[in-house]
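**Q** can you look at this prediction? I've put the sequence above it.
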Amino acid sequence: AASLDISARVIGSPATHLTTVTNTLTVATTGGGIYVDNASAALTIVSATAVGPNGDLLITNTGNIVLGTVAGFGITAAGDDVTLTAGAGMTITDANDTAPGANDVVNITAATLNITATGGIGTALDPIEIDVDSVVATGTAFLVNAGDLSLDVAALQGSGVYQAGSITIQPLGGTVTVGL
């Protein structure tokens, strides 16, 4: 389907993801998580909201992922985890802002964000706006957090820019080196 709109108590499970082939996705749950594996060249996530116990949200796509085309809608798993994964060499970009600083809308709200796009996450001119406590990013990431942020040292292995009220680096062993 070109567009898919699903509302349910839960969508998929951690062990069994819903498999889709669509270009546009709008999903919402009232009693748990969202687990979707999609196969398309580009997936636009208009909105995704997981509410309830174990309200984690996991969306993968074989191609690029585009976040929100409608201001005021985003990806929400408040108090839980959001995992977004784009295909190898693909990107995750922001489509709900017209210019940096102009009507910046939070794209992702969660306790923890795990985001993977080896082709890039956001851009220097249009970073992904988030409201999370901690983030693990794989790929060059341009992220702006609404509050304080905790990063694990693995998130710092690539390049990119992280902005937040304050940033705490959680070393997982070894040495953290900061320099130019």
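**A** Received it, and whenever you're ready, just let me know what you need. Numbers count the residues shown, from 1 in each chain.

**Q** need the helices for this protein, in chain order.
**A** For the chain, applying DSSP state H gives no helices.

**Q** quick one: end-to-end distance for stretch 22-32.
**A** In stretch 22-32, first residue to last residue: 22 Å (CA to CA, to the nearest Å).

**Q** buried set for that stretch?
**A** Of the residues in stretch 22-32, those buried under the neighbour-count criterion (16 or more other CB atoms under 10 Å) are Thr22, Asn23, Thr24, Leu25, Thr26, Val27, Ala28, Thr29, Gly32. Every C-beta, even on glycine, is put in place using the N, C-alpha and C of the backbone.

**Q** so where's this protein shaky on pLDDT?
**A** Applying pLDDT under 70 to the chain picks out residues 69-72, 97-103, 153-159, 171-180.

**Q** I'd say Met90 and Val66 touch.
**A** No. Met90 lies out of contact with Val66 (CB atoms under 8 Å); the separation is 10.7 Å.

**Q** can you list contacts of the strand of greatest length in the chain?
**A** Ranked by residue count and defined by DSSP state E, the top strand of the chain is strand 75-86. Here strand 75-86 makes contact (CB atoms under 8 Å, 6 or more residues apart in numbering) with 33-34, 45, 47-51, 54-61, 63-65, 67-68, 92, 107-119, 132.

**Q** appreciated, that's everything.
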